[in-house]
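K.L.:
Only the shape, not the letters, is given here:
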């Protein structure tokens, strides 16, 4: 929990840097709110028992509840940058090593509102870069693509209208499966013409930077498709802003990126760790490993953040507005940080002994004689002066047991008292990190100066 | 949420000052874990639908899950100071004005482990005093009593063994109902001898400070009961420590305090707001009001924190331990802060306009010409220097609209650019809180000094 809280604090600091405010939604929603939003994965939704009253389900993600919230309160929240760190629920087979659990945290940042095209989108990707940099997860990159470009590309290749979403889902598996298996799914399972599949295969091999925008712009067949043209234009705009934000080197334009969820309508992105000695070392320590037999050399460690633009989702709830007129649609773009995976990476980087779970600064110790009430009085004085302090809840604790308590919790300082010190009106202050230093017995200070001395040493 | 987060941060700071570490337990537990722990209130538990697999329920409080956790992991967590801020669920009729909801937060601090009698208990009450003082809820006091004293007192009055818990539940209503109604419940509903009820009535009128301990110690009939004697001895010990912690003036020893839950075994306590001009004013603003026609003059605003010692609860789960031997019992004492009620008090104290929901420090503004990309570049520079910044997502925003955005979010500073400034290589920095000051147009600084100047003004 100490590492987890540190991780959340780091993420929150970035979210707040961008003007984010937090909104909390309930852990359960009306069942009907969640229905029809997650495709096949709907079977993983936890329902509450019907005990009379509304039928409810535990939330599956934070995006649908946020969209429901916007639809209900749209007049007041037309424009909002909101972040939410909360638990979501999936009735899945847990796999702890892969960071897949039935209850887990999501950390989402979303910008709602009708704005200049690609401006909030670029900021969201910038936020992703800042979060992953601040978390120090290792070298990463952010793959981006655009749903309109993808849909146009499928159309140009000859995918029938009604097969576009299923084929898109198949492409989404490109980070886990080799192309031949994805092709097999398209042709054998989803009945796609093999020649069409091969054309898709050609396109989705493309990845690169801004130069890929210009390369695709010369593809006459693609540019003849209105959707593809619009998508590519948006990507050109995105890269211009990415350059201004100095994040272009972290971004890879990748035509194989499809993202599973149906509700995306514009830019989509996914952050992954890239091959590097450090990352390889982490993998060797049991990092969730995915198939890496793709055609290029890029090692796939799985997505650590993902998101995209979803302009139609709020509209699906329109009419359920309670305040004022039924709210209209509100375009949104957002990112979700894969904190469980990030957490498992961070835990591998940390030595267990180095993690200080509590924040205690001073331990109040007695030599001989117990002096329980005197230790209590000193602890109370420390607390009342905003110093984090503890002492042993024993009438006559052994000195070594008190020292061990400091070691265990990495407590930096101690105040040591004995009968002699009490009579002389002094206490000893000892730095517990300096085992063999000169002050091994502690430095004597007048009791009246104790707080001042401690505050100085703690730099308060 | 801004006020709520501030409240949680205040509470957490106190918890950490006392060496607390946080433990997170799942939102749902196995149904059997919760069964038989909450008496009549068990009907308020939310069950998950049986979708195959374990039968689960949403947690009703944080105490039972913590006890279950200790029983499962007892070897490792024999001694722990843990805090937990989390949501709990009750299938109740919501009453927003009373702060009663189906989903709400609890903030618990508990000390587990076998220690010197009353030492952790006194620290928990000290924590309660510190939390409520830090939250600035208004004048409060903490009523304390002891289950063993209460049970002994009932026995001495002649309450039959099997009626002790039901009669205790009736006494628990003394803060909501006048004595005559409580007596009626005892006699008419619960079949208690009226003479016995009247003796109870005599005892539970007692409240006071430490002197009440000595007064009761002279009650020969009471002292002849082993349980009552043990309870009173514990209260004497408690008051000695309360004096050392300098919290005795906040504590009222109140024989009418019974607490509803069955699992308490030792000291019990409940914090309430007391009559004061400030608190009266808050009540007039619609503060959840409870019947106050009690015999004494104390106005009852309802409990804002409560808890006690529960030495047997972990033992109820013993045998479900997974790690090593089935763990034995672990004695515990804890407090739960009634944050929903505290929140409604804090909201009444704050002016809506004064609440700064976001943390943005600098707004990047253009005069004429839009200059979207230049604003983006400046915002990125601010973010990369850890300054919280925003700008308007519009190509050509009006100046007034940008000023309004600063006002709305109480943003203290702005960086203003125009074509002139860009050409001269300068920006203007304006203090948005000084509407009519000398620098109404902002102070010009070289672009290269912008970050330095802002950091200085923000005292970073």
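P.N.:
Looks like it came in fine. Since the model is a prediction, treat every value here as computed from it, not as a measurement.

K.L.:
immediately after whatever helix or strand residue A:375 lives in, which helix or strand?
P.N.:
Per DSSP states H and E, residue A:375 falls inside helix A:372-384. For helix A:372-384, the succeeding helix or strand toward the C-terminus, using DSSP H and E, is strand A:389-391.

K.L.:
by how many degrees do the helix or strand following that next one and helix A:372-384 diverge?
P.N.:
Using DSSP H and E, the helix or strand that follows strand A:389-391 in sequence is helix A:399-408. Counting by axes from the mean of the first three to the mean of the last three C-alpha atoms, to 10 degrees, helix A:399-408 lies at 20 degrees to helix A:372-384.

K.L.:
Show me what helix A:399-408 packs onto, helices and strands only.
P.N.:
Helix A:399-408 makes packing contacts with strand A:362-366 when contacts are defined by 3 or more C-beta pairs under 8 Å, 6 or more residues apart in numbering or on different chains; DSSP states H and E. From N, CA and C alone the C-beta is placed, and that goes for glycine too.

K.L.:
what does the strand it packs on rub up against?
P.N.:
Contact with strand A:362-366 is made by A:372, A:374-375, A:378-379, A:382, A:387-392, A:397, A:399, A:402-403, A:405-406, A:411-418, A:432, A:454, A:458, as judged by C-beta atoms under 8 Å, 6 or more residues apart in numbering or on different chains.

K.L.:
Just the buried subset of those, written out for PyMOL, thanks.
P.N.:
Here the buried members of the contacts of strand A:362-366 are turned into a PyMOL selection, burial being counted by 16 or more other C-beta atoms under 10 Å in any protein chain shown:
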select buried, chain A and resi 372+374+375+378+379+382+387+388+389+390+391+392+397+402+403+405+406+411+412+413+414+415+416+417+418+432+454
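
K.L.:
now check the helix holding residue A:375, is it near chain B?
P.N.:
Yes: residues of helix A:372-384 contacting chain B under C-beta under 8 Å from any C-beta of the partner chain: A:372, A:373, A:376, A:377, A:380, A:383, A:384.

K.L.:
Wasn't residue A:211 part of a helix?
P.N.:
Yes: assessed with DSSP: H, G, I helix; E, B strand; the rest coil, residue A:211 lies in a helix.

K.L.:
That one: neighbour count?
P.N.:
For residue A:211, the count of nearby residues is 10 (other C-beta atoms under 10 Å in any protein chain shown).

K.L.:
quick one, the helix holding residue A:375 and strand A:362-366 angle?
P.N.:
Between helix A:372-384 and strand A:362-366, the angle comes out at 160 degrees (the same axes, to 10 degrees).

K.L.:
same question for helix A:372-384, mean pLDDT?
P.N.:
The average pLDDT within helix A:372-384 is 97.

K.L.:
again with stretch A:177-185
P.N.:
On average, stretch A:177-185 scores 94.

K.L.:
now do stretch A:313-328
P.N.:
In this model, stretch A:313-328 carries a mean pLDDT of 64.

K.L.:
repeat for stretch A:104-111
P.N.:
Here stretch A:104-111 scores 96 as its mean pLDDT.

K.L.:
now stretch A:347-359, how far from the centre of its chain.
P.N.:
20 Å (C-alpha atoms, centre = their mean, to the nearest Å).

K.L.:
List the buried residues in that stretch.
P.N.:
Across stretch A:347-359, burial judged by 16+ other C-beta under 10 Å covers A:357, A:358, A:359.

K.L.:
Surely the last one and residue B:16 touch.
P.N.:
Read that as residue A:359. Yes: judged on C-beta atoms under 8 Å, residue A:359 makes contact with residue B:16 at a distance of 4.5 Å.

K.L.:
so what's in contact with these two at the same time?
P.N.:
Joint contacts of residue A:359 and residue B:16 (C-beta under 8 Å, 6+ apart) are residue A:388.
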